[in-house]
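**Student:** I would like to see how this sequence folds:
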Amino acid sequence: MSDKKVRPFGMRDKLGYMFGDFGNDFFFILVAAFLMVFYTDIFGLNPAAVGVLFAIARLWDAVADVAWGRFIDTRKAGKNGKFRPWILRMSFPLVFTGILMFVYIPGQSEGFYLAYAYVTYIVWGTLYSTVNIPYGSMASVITADPVERTALSSWRTAGMQMAGLVINVVGPMILFVNNKADADRFLLAALIFGGLAIACYLACYNLTTERIVMDETNKQKLNLNTTMKGLLKNKPLMVFLVAALSFMIVFMLIGTVNVYLFKDYFENAKALSMVGLLQALAVFVAMPFVGPLVKKFGKKEVASGGLLVAAVIYGILYLLPNITATTFIAILAVAMIGYGIFNLVVWAFVTDVIDYHEYLTGLREDATVYSIYSMARKIGQAVAGGVGGAAIAAAGYNPKLAEQTSETLSGIHTLGTLVPALTFALVFLIMVFLYPLNKKRTVQLAEDLAAKRAERK
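**Tutor:** Numbers count the residues shown, from 1 in each chain. The predicted structure is shown next:
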């Protein structure tokens, strides 16, 4: 380890790390929540075709994540760190491509729009990997303390929720005119959010510090075979990947289906603003309690409790099909607190499994392990995109109809309530019965790693 003195971990790092995800999610949440309706209602594409695009793009992104993670781990740390410089370098082309996704050229054929969607969406997703992989990997080198890492995870989630607050609350007010998607408004939103994203990336770069720097003179040469053996033996990683993939599928599906649920089932697209507001507020309400709860009970225990709450509430919403949009949103807020708690600690799970990989192999491969997790998220997004588009199409959604049929509306309601209930219940069971790193074992892991690092110095 390097003996270079650096300032202690503190609020500056938390804010800087928060800004990183704030920047990421200006486009990520915009894409997750509204790109499907942009493609169906403005480009005029079939939702099933859009689902295929989402699936293909996300699967490609999963490959890009691992390739970029491996590339990052072969680079030496510079004076500004190993990960931070890549955030600075790649943020500008990422944002530019994100804006291009929302450019509408009138009068073109459906084939043109589909091809344009493929090119811009896949290029944006690839560039997203070049920023997100170093950003996510950086958490494990900012601090080695488990509680401080939980704080980083919470602040990262706060950044995501702040972006979600802006996009989900302000977005529908900008994007829809008379309950219809408007092409010019979508481009305007992309330009605004793109400028804000760049400002956030710059803040992340300038406020964070990488403290854990491996001594390159004693560093083992990276060996793919050794890495793969270590990954396969890493039970916490394997179990967490399954849980994270399942969670990402339902999380993305909720975002996709909610647009149609409120636009068509409740006939109130503007209500999405209230959903976005409460989703952000739920996380901010839970945030002050997560740190103390994790310190007392552990990450696994707290996250599992949140998942159980979300599963129960979505089940209740499924059994109440005739309530108003206002009542639906009020009940939904409780579920948002539940899965918001899981989101607040999820990134701290990632740093734990990175540590466990080092414990097993002696190799510090932050970006490689993080990229494996990111790959699982991308596969989840691919499945959610494919299943979401196919499910909405199977429900009979037709963008050319002024009103959808009652069968279609019922199908959309089921997609937005029962499916999340069952999936959250599944993730809860995985975390409770299969994930091995409870509070006691996580603390012991940190102590064992500290001892091993001291021996290598």
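**Student:** Hmm, Val383 is touching Ile56, no?
**Tutor:** No: at 11.9 Å, Val383 does not count as touching Ile56 under the criterion of Cβ atoms under 8 Å. C-beta here means a position set from N, CA and C on the backbone, and glycine is covered the same way.
**Student:** And those two? Which one has more around it.
**Tutor:** Val383 (20 against 16; other Cβ atoms under 10 Å).
**Student:** How about the more buried one: what's its closest non-neighbour residue?
**Tutor:** Spatial nearest neighbour of Val383, excluding adjacent residues (Cβ to Cβ, 6 or more residues apart in numbering): Ile249 at 5.1 Å.
**Student:** swap in Leu241?
**Tutor:** Ranked by Cβ to Cβ, 6+ apart and with sequence neighbours excluded, the top spatial neighbour of Leu241 is Ala376, at 4.4 Å.
**Student:** Then Gly51?
**Tutor:** Take Gly51 and drop its neighbours on the chain: the residue closest to it by Cβ to Cβ, 6+ apart is Gly389, 2.0 Å away.
**Student:** Let me know the helix or strand that the one you found is in.
**Tutor:** In this structure, Gly389 sits in helix 366-394 according to DSSP states H and E.
**Student:** Let me see the ranges of the helices in the stretch 201-350 of the chain.
**Tutor:** Applying DSSP state H, counting those that start in this stretch to the stretch 201-350 of the chain gives helices spanning 224-233, 235-260, 271-297, 299-318, 325-361.
**Student:** closest to Val50 out of those?
**Tutor:** Across those, Val50 has its closest neighbour in helix 235-260 (9.8 Å, Cβ to Cβ).
**Student:** need the contact list for the residue nearest to Gly51.
**Tutor:** By Cβ atoms under 8 Å, 6 or more residues apart in numbering, the contact set of Gly389 is Met36, Pro47, Ala48, Ala49, Val50, Gly51, Val52, Phe54, Thr256.
**Student:** Recalculate using a threshold of 7 Å.
**Tutor:** Residues in contact with Gly389 (Cβ atoms under 7 Å, 6 or more residues apart in numbering) are Met36, Pro47, Ala48, Val50, Gly51, Phe54.
**Student:** Next, work out how far apart Thr405 and Val302 are.
**Tutor:** To Val302, Thr405 is 43 Å away according to Cβ to Cβ, to the nearest Å.
**Student:** the more surrounded of those two?
**Tutor:** Val302 (24 against 13).
**Student:** what's the burial count for Ala67?
**Tutor:** Ala67 has 15 nearby residues by other Cβ under 10 Å.
**Student:** which is the next helix or strand following the host helix or strand of it?
**Tutor:** Using DSSP H and E, the element containing Ala67 is helix 47-73. Next in sequence after helix 47-73, counting helices and strands by DSSP H and E, comes helix 84-100.
**Student:** Give me the angle between that following helix and helix 366-394.
**Tutor:** Relative orientation of helix 84-100 versus helix 366-394 (axes from the mean of the first three to the mean of the last three Cα atoms, to 10 degrees): 20 degrees.
**Student:** what mean pLDDT does helix 84-100 have?
**Tutor:** Helix 84-100 shows a mean pLDDT of 94.
**Student:** Next secondary structure after that helix?
**Tutor:** Counting by DSSP H and E, what follows helix 84-100 is helix 110-142.
**Student:** So which bits of that next one are buried?
**Tutor:** 113-114, 116-117, 120-142 (16 or more other Cβ atoms under 10 Å).
**Student:** And stretch 42-59, by the same measure?
**Tutor:** Within stretch 42-59, the residues that count as buried by 16+ other Cβ under 10 Å are 42-43, 45-59.
**Student:** do the same with stretch 192-205
**Tutor:** Under 16+ other Cβ under 10 Å, the buried positions of stretch 192-205 are Phe193, Gly194, Leu196, Ala197, Ile198, Cys200, Tyr201, Ala203, Cys204, Tyr205.
**Student:** what's the offset of that stretch from the middle of its chain?
**Tutor:** Its chain's average C-alpha position is 17 Å from that of stretch 192-205, according to Cα atoms, centre = their mean, to the nearest Å.
**Student:** Tell me the spacing between the residue nearest to Arg75 when sequence neighbours are not counted and Thr361.
**Tutor:** With sequence-adjacent residues excluded and distances taken as Cβ to Cβ, 6+ apart, Arg75 is closest to Lys82, at 6.4 Å. From Lys82 over to Thr361 the distance is 18 Å, taken as Cβ to Cβ.
**Student:** Could you give the number of residues near Tyr370?
**Tutor:** Residues lying near Tyr370 (other Cβ under 10 Å) number 29.
**Student:** Tell me, what's the model's pLDDT at it?
**Tutor:** On the pLDDT scale, Tyr370 is placed at 78.
**Student:** what do you get for Gly44?
**Tutor:** At Gly44, the model reports a pLDDT of 91.
**Student:** Leu281 now?
**Tutor:** Among the per-residue scores, Leu281 shows a pLDDT of 85.
**Student:** if we can go back for a sec, name the nearest of the contacts of Gly389 relative to Thr414.
**Tutor:** For those, the closest approach to Thr414 (Cβ to Cβ) belongs to Pro47, at 16.2 Å.
**Student:** Quick check, the closest one in contact with Ala395.
**Tutor:** No: using Cβ atoms under 7 Å, Pro47 is not in contact with Ala395; the gap is 9.3 Å.
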